[in-house]
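In: how does the following fold in three dimensions:
(chains A and B)
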2 protein chains.
Amino acid sequence: MSLLSSSFCGLCVYPQERRRAFEANLEKTGLELETEDKSDSKDQKTYFLKIHAPRDVLATYADVLKIKVPFKKSDIPQSQDVALEWFTQPFRLPGNIMHPEPDYFTYHFDKTKTDFFLIGDKDTFFPPSTRNRICRYWKKGRNAEERYNLYKHWARFLCFYKEQPLNLIKKYYGEKIGIYFAWLGFYTEMLFLAAVVGLICFIYGVLSYDDNITSKEICDPKIGGSIMMCPLCDKNCTFWRLDSTCLSSWQSHLFDNEATVFFAMFMGIWVTLFLEFWKRRQARLEYEWDLVDFEEEQQELQTRPEFEIKCTNRRLNKITQVLFKLLNRCARYCLSGATVTFWISLILACITGVIAYRLAVYASFASIIGNHGGESGIHKNKTLLVGGLITPQLATSVTASCINFVIIMILNFFYEKVAIWITDMEIPKTHLEYENRLITKMFMFQFVNYYSSCFYVAFFKGKFVGYPGNYTYMFGKWKKFRNEECDPGGCLIELTTQLLIVMAGKQLWGNIQEALLPLMRNWWSSRKGRHNPENHYSRWEQDHVLQNFSQLGLFYEYLEMVIQFGFITLFVASFPLAPLLALFNNILEIRVDAWKFTTQFRRPVASKARNIGAWQEILNSVAILSVVTNAFIMAFTSDMIPRMVYLYAYSNSTSMKGYINSSLSEYRIPIRPQNMTEDNWFRHFNTTCRYRDYRHPPGHENEYTHTMQFWHILAAKMAFIIIMEHVVFVVKFFIAWMIPDVPSDVKARIKRERYLIQEHLHNYEVEK
Amino acid sequence: MSLLSSSFCGLCVYPQERRRAFEANLEKTGLELETEDKSDSKDQKTYFLKIHAPRDVLATYADVLKIKVPFKKSDIPQSQDVALEWFTQPFRLPGNIMHPEPDYFTYHFDKTKTDFFLIGDKDTFFPPSTRNRICRYWKKGRNAEERYNLYKHWARFLCFYKEQPLNLIKKYYGEKIGIYFAWLGFYTEMLFLAAVVGLICFIYGVLSYDDNITSKEICDPKIGGSIMMCPLCDKNCTFWRLDSTCLSSWQSHLFDNEATVFFAMFMGIWVTLFLEFWKRRQARLEYEWDLVDFEEEQQELQTRPEFEIKCTNRRLNKITQVLFKLLNRCARYCLSGATVTFWISLILACITGVIAYRLAVYASFASIIGNHGGESGIHKNKTLLVGGLITPQLATSVTASCINFVIIMILNFFYEKVAIWITDMEIPKTHLEYENRLITKMFMFQFVNYYSSCFYVAFFKGKFVGYPGNYTYMFGKWKKFRNEECDPGGCLIELTTQLLIVMAGKQLWGNIQEALLPLMRNWWSSRKGRHNPENHYSRWEQDHVLQNFSQLGLFYEYLEMVIQFGFITLFVASFPLAPLLALFNNILEIRVDAWKFTTQFRRPVASKARNIGAWQEILNSVAILSVVTNAFIMAFTSDMIPRMVYLYAYSNSTSMKGYINSSLSEYRIPIRPQNMTEDNWFRHFNTTCRYRDYRHPPGHENEYTHTMQFWHILAAKMAFIIIMEHVVFVVKFFIAWMIPDVPSDVKARIKRERYLIQEHLHNYEVEK
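Out: Residues are numbered from 1 along each chain as shown, chains lettered A, B, ... in the order given. Predicted coordinates:
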């Protein structure tokens, strides 16, 4: 058993003696070792030690480990959709690529009953991931054909519309990588649906462009042009006319219309469908790839070699009789907890910094862009310029988003190293534990890192502004930073901008990094080594030159996708085109990953996995959170609810006419603003400016307190949140309850297989 | 294999020939049959066929069915809390009762390796539930001692404070019944916590009795006494003074205070803790009772005999190759769906009927109770009487609740039969499927049946009243039924009354039924049969006289408890003493059930189960729903939010002074009410009456429309719902995430066992 609980990496360089002992141990268990002379290798320094596991050894451990092997060819007919065949034909791959192996019924291997099992070619009886489970190290030259098939039918970008040869991927790379590509493919398929609906919603926005009375009123010189708005910042800003925001109000309408409400609810349901159908797909794969009874615990039992090395201060646990050290471990946990907290605080500090940047810079932008008209003719000129292509708002939010993005990337880069370092330090016992700890740490961090700026824009910006004469300031005393107001077009359009920049930037950067980096590295290492023609090298040396696929490679792929999933679900109410963007990215991503796997990396150690592990939980949480965020975005960030309340409760004509006027409150200007000449001031003396809020006008008995309309709208907003959340969650749970996790035909097949096993075993026993 | 997929009930009366064939089949598989002559039996008519399964047969099927048997005594030490031993001693049972068997490591039985397993007494090597799994029928006289131990240490009421001998229960009755009692015991333990906190909240209500300014104001003759309220019904009701509701406002305070908010949130968390810790307890039992690898599918495979009999119109399914008929089945589903819908509509109709009764009867009660003072001196007299012990409100709600309860019970009685009938009609294939279908049907029905009246009182009563001069009526044209207002003490106290009557009534009735019915039945059947002294009968005949424990017996026990769980969670905000009530009931319930099982029923066929099955899902759903209902009760049924809004936003002195006045709106009485003499009327002419709502007074420009305070309170109510739901759910999910489903020591033990199995097997193979 020592073979199984220790680990061995055949190519490591151990001190001479320890290596001898190690090799002797290997040989004792029946493995055959073959050492290539170091003079045969390219750099004349490396020994390649080839380890062969004879069939007997494999069989013994297959028995002990209860590995499942085929005993009967499946007699369950494959269901074929003949009707749609002509339609799906272009997306299909040839049959021999899709199903490289026939379908078998399998059962736990038993050495005493070898004739019970179907043993054809004795050498390939155990598939690679099984061999890897048995001896954790296996490399073979003759699978070059499979690799070529994968390259030809899967890794080329022109195949982007084709299905993926999942069985071949699984056969060559093992179940874990197979599951990843199955998940990625399924996610992309489902994204197609979301992207189409999102596109329709966007098109609805474009088509209903002309019916938008609110924007028309803003642009109308008689209505919007006659409304004087209060300055947006304290020092350098002046009064401005509402019609200067005409353009951005039109833009805003594209994303802030009735279709968005529908889309937000649709996405709540879509997410559920995605997760439920994935469970079914996963169950089907589990059955087809024979993982039904595979116990993750087997893998959990495998102790990480790092654990055994680093756990020096050992102590016997009375229950499990394994070694660990308690007190030291506690300290390590505390340290790692503190590190994570520190880094998350660091992000929050950075976000706060960016916000301060926004506040500080807005005034300067306002003075640069808005002020070059000079002091004379102040109103006509300035308001026109503010309405031009580059408004101070736009300039501020675009530059802030970009800075934000750069900070996110830098923090990410460093945190990755830190996260791995502190996870190593915790010395998790098994690989599964290691991965789960790292997932928790990285996801928490990246969640805060990527989304917090969006959360700020969606839920805090423009919500705590105060009102003229009583503005709220960010750092109490330091009166310079007046809290930002939203873009005059509405808060939603700002969220859209922020989301677009962070999401598109991340995807672009990710693809560059994924495709270019391995290419460069390989070019570099091959430039160093390959002075001789290629055929001078043995197969294993050629492979050795390629990049090593790190154990965490798949982890980063998942992380990237899950963060993207967050973008397209959490803030989808502000940007219905996000799924489309993600769809394009993923179609590219699949092929880039495939290309990377087939050409740029060494063949990774095949390992088994029956599902996507901890990511499933995270996806579920994101799905639930997304319903909440979208409800809040619709209620508090978008202008839907105030408009609806006006339409149904306050307008006389049940049309939106007059909404603009009702949504602005009045403020009487008490003293001359600093940047206004006395002349100008006296012309406007005793006039009022308007601001976006529902407060009593000056002169009213409750001057500047909230009006009834405000409370009415607030009640409506919260009613909307309550109704939307409850409806979506009820539908969600109902759908989840209605859709069985395992497809009925798979369930039937599993049952049939179990039944057949019992029957066959019984007959076998009786006949013997 | 025919033995396993068919079923056999040894005591059924088959036609002669079929029985012969059946018996021949049994003998062919190696079972030994022993028929008692019919002349030996009491009624001289019944054959008792005793079936013996020899060890060989058991061993063969144990091998095929992969049944787990011990191979090594557990060397994992039992953890003992020595520190608390003196404290927990009174609750403990003797060790030999609690642990009738030592702890073993187990492994799937393998006939070829018999010497690998620990086989002591060859006869008792397989425990009863395993034997039952193998041959589904097993009865043994010599377990009388175990039964007596159970009776002595478990079934007597005086043991109510002791722990339950779960291992003995499991050993004697099988895992399924064992799990039920484990669950019931655990639920009762957890109820203790909830009951204590609930009691504390109630005591807080009692202690803060005197600080209740609102009630003081109501009772104050200068404030409450001077407020003339509008009549509560159209015809027979008169004006009344507010101070007449003095008593009920004090009562209401007991349940409607700040502690209730806390308790509602606490119960949201408690429910999560209960479910999470139950999962852990279940995992521990699963390990201790060796169910870890037990596959429910084995049981699912067993086709119900009824299915095989009734499925006449057979057709081969190409995947599973089992028989079923499709079209007919579809019709059956539709019919059963329609039946369930019909019955649920029937309940709703009954509820509506009861509501109509409330509306109709309220007026009569008002005239009977309120009017005997005569027309003269009308105000002093009446208001006093209304404030007496029996108010029309109280009389109405108590009688309505009682009628409601009787209707619930009658509907239940009939629906039970209908549910079983339609489930039989659907011909579910396996026992598990049968039970799950029945659970869905029964729970849906009982949910509506028991809770709908509470839902009505909590969320509809008093919410759609309208206002004087513009009341809302229940059936539009038929103007007699004006929608009810709440009790003047608040809506919450009505919910409390309703809950108390339905819940306490149900529990009382349930206990009477459970304890008395079996007693009566047994008395009846023994009176018929037992003319001879007892010792004339063989053991199996004595047992045969006892009641048969129907297969659905456990189902009804669970259903009762789950409905109770619903009462103490869904509406707990209105009645913090509900958990205490449930606690008393359950302490009694455990012992009544135990007594029933040990003395009144035949020993049931032991069957395995690794968890509480579909009930877990239902409990989860109820737990989630309860957070929502409690949030809504706090917001809309209780008076907390209006009081808080008044306190923090409208009162001048930040005390509750003046709340009563601000919570009542004014209405100017336009015409003389019918039941007032002209004299009286003119005395009050042009006066106003008050009603509970926030509307502008007469004479205001928006006469009788909602005031700003109304919208303010509405916003606050919804904000409360949003905050409470989100906080409780976040804490819930966090707790569920923090508490691992399997205790770490159990996980370690399972791992250790797996490891030991591999090691032992390996050594066994090597040494062989």
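In: make it CA atoms for all contacts and neighbour counts henceforth
Out: Noted.
In: which single residue in chain A comes nearest to chain B?
Out: When scored by CA to the nearest CA, chain A has residue A:715 as its residue closest to chain B, at 4.1 Å.
In: tell me the contacts of that residue?
Out: Shown in contact with residue A:715 (CA atoms under 8 Å, 6 or more residues apart in numbering or on different chains): B:711, B:712, B:714, B:715, B:716, B:718.
In: now the strand or helix carrying it: how far from the chain's centre is it?
Out: Using DSSP states H and E, residue A:715 falls within helix A:708-738. Using CA atoms, centre = their mean, to the nearest Å, the distance from the centre of helix A:708-738 to the centre of the chain it belongs to is 26 Å.
In: now it: average pLDDT?
Out: Summarised as a single mean, pLDDT over helix A:708-738 is 92.
In: over to stretch A:265-274?
Out: Averaged over stretch A:265-274, pLDDT sits at 92.
In: ditto for stretch A:559-578
Out: The average of the pLDDT scores along stretch A:559-578 is 91.
In: okay, how far is it across that stretch, tip to tip?
Out: Using CA to CA, to the nearest Å, the end-to-end distance of stretch A:559-578 comes to 18 Å.
In: show residues contacting that stretch.
Out: With CA under 8 Å, 6+ apart as the test, stretch A:559-578 has contacts from A:195, A:198-199, A:201-202, A:255-256, A:260-261, A:263-264, A:267-268, A:271, A:443, A:446-447, A:450-451, A:492-493, A:495-496, A:499-500, A:503, A:579, A:582, A:615, A:619, A:622-623, A:625-627, A:629-630, A:633-634.
In: same question, stretch A:150-167
Out: Residues from elsewhere that reach stretch A:150-167 (CA under 8 Å, 6+ apart): A:90-93, A:97-100, A:168-169, A:178, A:181-182, A:185, A:587-588, A:591-595, A:598-599.
In: what mean pLDDT does that stretch get?
Out: On average, stretch A:150-167 scores 80.
In: go on, stretch A:435-443?
Out: Mean predicted confidence for stretch A:435-443 is 87.
In: looking at the contacts of residue A:715, which is nearest chain A?
Out: When the contacts of residue A:715 are compared for distance to chain A (CA to the nearest CA), residue B:715 wins out at 4.1 Å.
In: give me phi/psi at residue A:667?
Out: phi -140, psi 130 (degrees, to the nearest 10).
In: how about it, what does it touch?
Out: Contacts of residue A:667 (CA under 8 Å, 6+ apart): A:468, A:688, A:689, A:690, A:691, A:697, A:698.
In: the third one falls within a helix, correct?
Out: No. In this structure, residue A:689 is strand, not part of a helix, as judged by DSSP: H, G, I helix; E, B strand; the rest coil.
In: how about the residues of the stretch 601-750 of chain A by chain B?
Out: Residues of the stretch 601-750 of chain A found near chain B (CA under 8 Å from any CA of the partner chain) are A:707-708, A:711-712, A:714-716, A:718-719, A:721-722, A:745, A:748-749.
In: need the buried ones from those residues selected in PyMOL.
Out: Applying 16 or more other CA atoms under 10 Å in any protein chain shown to these leaves a buried subset, and the PyMOL line that selects it is:
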select buried, chain A and resi 707+708+711+712+714+715+716+718+719+721+722+748+749
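In: what comes up buried for stretch A:443-461?
Out: For stretch A:443-461, a neighbour-count test (16+ other CA under 10 Å) marks A:443, A:445-446, A:448-451, A:453-455, A:457-461 as buried.
In: and that stretch, how far out from the chain's middle?
Out: Here the centre of stretch A:443-461 is set off from its chain's centre by 14 Å, with CA atoms, centre = their mean.
In: mind listing the helices for the stretch 401-550 of chain A?
Out: A:431-455, A:491-529, A:539-545 (DSSP state H, counting those that start in this stretch).
In: low-confidence ranges, the stretch 201-350 of chain A, go.
Out: Along the stretch 201-350 of chain A, the parts satisfying pLDDT under 70 run over A:235-236, A:292-329.
In: what ranges do the strands span in it?
Out: Along the stretch 201-350 of chain A, the stretches classed as strands by DSSP state E, counting those that start in this stretch are A:228-229, A:240-241.
In: could I get those strands as JSON lines with mean neighbour count and distance to residue A:740?
Out: Formatted as JSON lines, the strands of the stretch 201-350 of chain A follow (neighbours: other CA atoms under 10 Å in any protein chain shown; distance: least, CA to CA, whole Å):
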{"stretch": "strand A:228-229", "mean neighbour count": "20", "distance to residue A:740": "57"}
{"stretch": "strand A:240-241", "mean neighbour count": "26", "distance to residue A:740": "58"}
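In: right, so of those, which gets closest to residue A:649?
Out: Nearest to residue A:649 among the strands of the stretch 201-350 of chain A is strand A:228-229 (25.5 Å), distances taken as CA to CA.
In: how deep is residue A:255 tucked in, by neighbour count?
Out: Here the number of neighbours of residue A:255 (other CA atoms under 10 Å in any protein chain shown) works out to 24.
In: residues contacting it?
Out: Residue A:255 sits next to A:202, A:205, A:492, A:493, A:574, A:575, A:576 when contact means CA under 8 Å, 6+ apart.
In: elements contacting the lengthiest helix in chain A?
Out: Criterion DSSP state H: the longest helix present in chain A is helix A:326-371. If contacts are counted by 3 or more CA pairs under 8 Å, 6 or more residues apart in numbering or on different chains; DSSP states H and E, helix A:326-371 sits against helix A:378-386, helix A:392-426, helix A:431-455.
In: just want the angle from that helix to helix A:431-455.
Out: Counting by axes from the mean of the first three to the mean of the last three CA atoms, to 10 degrees, helix A:326-371 points 20 degrees away from the direction of helix A:431-455.
In: quick one, helices of the stretch 101-250 of chain A?
Out: With helices called from DSSP H, counting those that start in this stretch, the stretch 101-250 of chain A shows them at A:128-135, A:144-150, A:166-173, A:175-207, A:213-219, A:246-255.
In: mind putting those in a markdown table, distance to residue B:211 included?
Out: Formatted as a markdown table, these follow (distance: least, CA to CA, whole Å):
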| stretch | distance to residue B:211 |
| --- | --- |
| helix A:128-135 | 72 |
| helix A:144-150 | 79 |
| helix A:166-173 | 72 |
| helix A:175-207 | 57 |
| helix A:213-219 | 53 |
| helix A:246-255 | 54 |
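In: need the nearest residue in space to residue A:33, chain neighbours excluded.
Out: Nearest non-adjacent residue to residue A:33, counting by CA to CA, 6 or more residues apart in numbering or on different chains: residue A:51, 4.7 Å away.
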